[in-house]
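Peer 1: I would like to see how this sequence folds:
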Amino acid sequence: MKNKGYTLIELIIVMAIIGILAGASFVSIGVIRQARRQTAVNTIDSQLSSLLVRTKAVSAASNVSDKPLCMVITKRTDGAYAIMTATIDGSGTIDYGGRSPNTNTDCEAILPKDITQIKYVYNDSTQKAAAVSSTEDDNLVIQFLKSDGSTLYGGGKYEVYVRGGRLYATIYLDKVSGNHYIE
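Peer 2: Predicted structure coming up:
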């Protein structure tokens, strides 16, 4: 007897194998996205630690009071967030030192595009009034004081949103102590 095609059982087995592989790939994609998002939040946290250490290590001569060191989280033209070190002049203008957030080599870190918004939530109206005047909604400025590690700008909480407008994580930065943690 000649075999002229597949049996129904063979077809069901092949479809079951394809279904299992498709399900596994969806799970893998979800795990990869979760890892990228967590890495982005950890990057922000580690950059905060780095800025605090650098602020305390910079001598008074190289970090004069009219141009203090700060960290800026800014949205690039491609939609990704970049983390850059900059200075703030006496009028509150951010100086990137001729660098651009749109150039990968000029940034300390670039967050994945899964992070659609980083929102700074003011704890009270005095914090909002003390914010750097030249910053826009897509520029978040954080500055520590060399003397005690407290924050001059940026104390409060940072909500990190992912696609679909879903809150993924919150980074808390204590204004008085400069301590920060992820929730």
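
Peer 1: quick one, longest helix in the chain?
Peer 2: Looking across the chain with DSSP state H, the single longest helix is helix 8-57.

Peer 1: partners of the next helix or strand after it in the sheet?
Peer 2: Following helix 8-57 in sequence order, the next helix or strand is strand 69-75 (DSSP states H and E). Strand 69-75 has the following sheet partners, assigned by DSSP bridges: strand 81-88 (antiparallel), strand 139-144 (antiparallel).

Peer 1: how far does strand 69-75 sit from the chain's center?
Peer 2: 10 Å (C-alpha atoms, centre = their mean, to the nearest Å).

Peer 1: angle of it against helix 8-57?
Peer 2: Strand 69-75 runs at 150 degrees relative to helix 8-57, counting by axes from the mean of the first three to the mean of the last three C-alpha atoms, to 10 degrees.

Peer 1: export strand 69-75 as PDB, just CAs?
Peer 2: Output of strand 69-75 as PDB, limited to C-alpha atoms (Å, rounded to 0.1, in the frame of the first residue of the first chain):
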ATOM      1  CA  LEU A  69      28.200  68.600  39.000                       C
ATOM      2  CA  CYS A  70      24.800  67.000  38.300                       C
ATOM      3  CA  MET A  71      23.200  64.000  36.500                       C
ATOM      4  CA  VAL A  72      20.600  64.600  33.800                       C
ATOM      5  CA  ILE A  73      18.200  62.000  32.600                       C
ATOM      6  CA  THR A  74      17.000  63.300  29.200                       C
ATOM      7  CA  LYS A  75      14.900  61.900  26.400                       C
END
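
Peer 1: just to revisit the earlier point, the longest helix of the chain packs against which elements?
Peer 2: Secondary-structure packing of helix 8-57 (3 or more C-beta pairs under 8 Å, 6 or more residues apart in numbering; DSSP states H and E): strand 69-75, strand 81-88, strand 109-110, strand 115-121, strand 139-144, strand 156-162, strand 166-173, strand 180-182. From N, CA and C alone the C-beta is placed, and that goes for glycine too.
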